[in-house]
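J.: Sequence first, then the predicted structure:
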Amino acid sequence: MIRIIALVLVLLVTWSCSQHSSKPAAVTFHNINAKYNAIWQADRLLFTLHKQLADERIENYASELPIIAPVDSTFGISHKLEISNLIRKASLVIDRHQNSAYVDDAYLLIAEGRLLLKDYKNAVETLKYINTIEPDIRTQKRALTLLYQVYLIQNDFESAEKAETYLIENELIGTDYYLAKAYEHQQKGEINASINSLNQIAGKVSNRSERSRLYFILGQLNERINQRAQAQEAYQTSMRQKSNYELTLRANIANKSLEQSIPALEKMLADPKNEDQQAEIYVAIGKIHLEQKNLNQAKVAWEKATKNNSNQGELYVQLGNLFANQIKDYPKASAYFDSAAISLSNSHPAYFKVQKLKKEWNKYVELAGIITQEDSLQQLAKLSPQELESIYRKSQEKKNNRKDSIAKIKAQPQKTLVTFTRRPSSPDQQSFYFYNEQARLKGEQEFNMKWGIRTLEDFWNRKNKQTASLMPNVNQTTVATEGTQLVNTQLSSDSLNSWLNSIPRTDVQLLASNKKKEQALFDIGKFCKTQMGNNALARQHLKRLLTEFPYSSFEAEALYLSYLCSENKQEKESSRSVLFDRFPDSIFKLTILKLETGALSDTKEEQAEKAYESTYLLFKSNGFSEALVACQQMRINFPGSKSEDKIVFLSALCQAGLKNMFEYEKTLKQFIQLFPSSPLKPEAEARIKAIPKNK
């Protein structure tokens, strides 16, 4: 009897094990096996991996931390075995327990594993698939929120918006969604919106380390927009979490920096535990001195910060950001980014970003220099010739006094001849060229091979140098004093005339100076918006352009750029109304309409295509004026249509047919700017090159 019962139980269990059965016994069996075997093990692996990711993460506190911490690409490589094991464990549920209630959990675990590998393409496909298999609410919420985050990480804001809309419509929003939303605002530079989102959610995060990190970011964001009291409060809240020593110390440094408490920072320097962070403390001290206008003390503090600092490149980045964003001394910011670009190795995570910052700020300083120079010259033009000559004489006297001082120091006799013996260099000094004997000898050999053995003298690299004319011979000092004075007077007079000629004193010169200044103001405003993404600087320069040059040839585009970079609704509306009133047929007006109306319906797209075809027939029959009017009307009636690039290109061809070459070239250039991915772009570029220079 016992054998029969046992046999029946074995048969029952075997029959219940089918993963395709929907009977209660089979479903229960597979639910238990899935949850307490594969899912449980995969869950533990994921928890461990997330903990390791947080422990191994190297935060760059010198810059603004991203709200969603990125996954380092090296993490996926170093933990590939554990991640593969996680994906394999989760895959067992899909292979062996298809009728269980944990298939959606398995797919979610697989997606999270792929995210740790930075395999975004397959992770996105997996997260999308989860929504098609009728997951439970918890899994669906997590999957769609992760999808939203991945799109944001990839800067695919259009797809992110669709995922966000679905989350909101289906009421699937939670803590992770609000963090992702704050991250989106941070990426777009919408700092106030990002602060509001973080204020709502930071305190609700359960993980203490993550909560401390978010409050630190909140402090950074508030400090960025100069809300010092709110920033201090956020830093102090971050310190109270006591998550890890480095983050707590950084929050303390930032807090004391805002309090401008130099004694407190100096006390931190004396603590042996803070030896690794001394550079950051010196930077904070230097910043306080600078705000208090103690420039020499600030310089001393920053020199100490760079001394024996292994992260010198990162320090230069921090100082560059400090001068660019807070102190707003842009030439110094440019210089620090230059130093950072040289100091950072090409394997550093911030290397390419710093190279970009270097180019951007160098270009900005170059354009700003043109504006400053023309302003100075125009101010000098208002002075009388006597005042100008007086200014020139004073500057020459200062220059000569400096030269005399240097000459006196060089002419002082050496009282003692000191002989230095080079000590054997330590291993730490081998990186310095002149301490590295092997590198120095190699350099000397390469120099001799290229240039030959040269005498140590000025202009050594000139092929046909005329030493007599470049450096006066000692024997020539017997020239009469009167003759020397005459030559000096003549040189001074020539230099004065040269300097006076550079000042725009005539109407023609002043016009040329203003034209150069107008061009530079437009270029710098456009560059700040399109290349640097700095709306505040763009607004500043564009506003100055429109104020000082109210009838500028760049007015339409300047108003359009002002509309794009204005965060204030009133300023945005003002730029829009002026553009629409003064330039009703402008391509920029139509672009704004396109932005405001969004995508057209299928019916409107069909109408736009038919209208284009009829207009093209007009153009082919040499009805250029009628076709041009029709093109302008189409852009008003169908803003943002799929045929828009063809319509603009056709309007340029109509201008060519009407022999209006200026408008023809201008429209082609605007076409390239507005439609960089259009298949007609190569033809437009070719047509611009073919336009005669003396049109």
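T.: Thanks, I have the structure now. Numbering: from 1, shown residues only.

J.: When you work out contacts or count neighbours from here on, use the C-alpha atoms and nothing else.
T.: OK.

J.: Now do the strands in the stretch 451-600 of the chain.
T.: Ranges of strands in the stretch 451-600 of the chain, per DSSP state E, counting those that start in this stretch: none exist.

J.: What ranges in it fall below the confidence cut-off?
T.: Filtered on pLDDT under 70, the stretch 451-600 of the chain yields the residue ranges 451-494, 597-600.

J.: Please repeat the previous calculation with a cut-off of 50.
T.: Applying pLDDT under 50 to the stretch 451-600 of the chain flags residues 463-491.

J.: do the same with the stretch 301-450 of the chain
T.: Applying pLDDT under 50 to the stretch 301-450 of the chain flags residues 416-422, 425, 427-429.

J.: Recalculate using a threshold of 90.
T.: Applying pLDDT under 90 to the stretch 301-450 of the chain flags residues 301-329, 332-333, 335-354, 376-450.

J.: Need the phi and psi values for Ile173.
T.: In terms of degrees, to the nearest 10, the main-chain angles of Ile173 are phi -80, psi 140.

J.: give me the element the nearest residue to it once chain neighbours are set aside is part of.
T.: Closest residue to Ile173 apart from its sequence neighbours, by CA to CA, 6 or more residues apart in numbering: Leu167 at 6.0 Å. Per DSSP states H and E, Leu167 falls inside helix 157-169.

J.: Quick one: residues in contact with that helix.
T.: Applying CA atoms under 8 Å, 6 or more residues apart in numbering, the contact partners of helix 157-169 are Lys141, Leu144, Thr145, Leu147, Tyr148, Gln149, Tyr151, Leu152, Ile173.

J.: now stretch 511-530
T.: Residues from elsewhere that reach stretch 511-530 (CA under 8 Å, 6+ apart): 364, 367-368, 370-371, 374, 378, 504, 534-535, 537-542, 544-545, 549, 552, 554, 558, 561, 565.

J.: run the last query once more with 7 Å
T.: 364, 367, 370-371, 374, 504, 534-535, 537-539, 541-542, 545, 565 (CA atoms under 7 Å, 6 or more residues apart in numbering).

J.: How far does it sit from its chain's centre?
T.: Per CA atoms, centre = their mean, to the nearest Å, the displacement of stretch 511-530 from the mean C-alpha position of its chain is 22 Å.

J.: now stretch 361-370
T.: For stretch 361-370, the separation from the chain centroid amounts to 17 Å (computed by CA atoms, centre = their mean).

J.: from the contacts of stretch 511-530, which single one is nearest Glu275?
T.: Of all the contacts of stretch 511-530, Glu275 sits closest to Asn534, with 36.0 Å by CA to CA.

J.: which ones are touching that closest one?
T.: So Asn534 contacts Cys528 (CA under 7 Å, 6+ apart).

J.: separation between Asp271 and Ile281?
T.: 12 Å (CA to CA, to the nearest Å).

J.: okay, the residue nearest to Ile173: pLDDT?
T.: Leu167 is assigned a predicted lDDT (pLDDT) of 88.

J.: One more: Asp105?
T.: 84.

J.: OK, contacts around it?
T.: Asp105 makes contact with Thr139 under the criterion CA under 7 Å, 6+ apart.

J.: Give me the distance between the residue lying closest to Gly113 once chain neighbours are set aside and Gln52.
T.: Excluding the flanking residues, the one nearest Gly113 by CA to CA, 6+ apart is Ile83, at 5.8 Å. From Ile83 across to Gln52, the span is 12 Å (CA to CA).

J.: ok, now Leu221?
T.: In this view, Leu221 and Gln52 are 27 Å apart by CA to CA.

J.: the more surrounded of these two?
T.: Set Leu221 next to Gln52 and count neighbours by other CA atoms under 10 Å: Leu221 wins out with 22 against 13.

J.: what about that one, distance to Ser212?
T.: Distance, Leu221 to Ser212, by CA to CA: 14 Å.

J.: before we move on, what about Gly219?
T.: 11 Å.

J.: Please apply the same query to Gln260.
T.: Per CA to CA, Gln260 is found 23 Å from Ser212.

J.: Pick out whichever of the two has more residues nearby.
T.: Ser212 (28 against 18).

J.: Quick one: residues contacting the more buried one.
T.: Here Ser212 is in contact with Ser238, Gln241, Ser243 (CA under 7 Å, 6+ apart).

J.: could those be laid out in a markdown table, adding distance to Ala324?
T.: What follows is the contacts of Ser212, written out as a markdown table (distance: CA to CA, whole Å):
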| residue | distance to Ala324 |
| --- | --- |
| Ser238 | 26 |
| Gln241 | 31 |
| Ser243 | 31 |
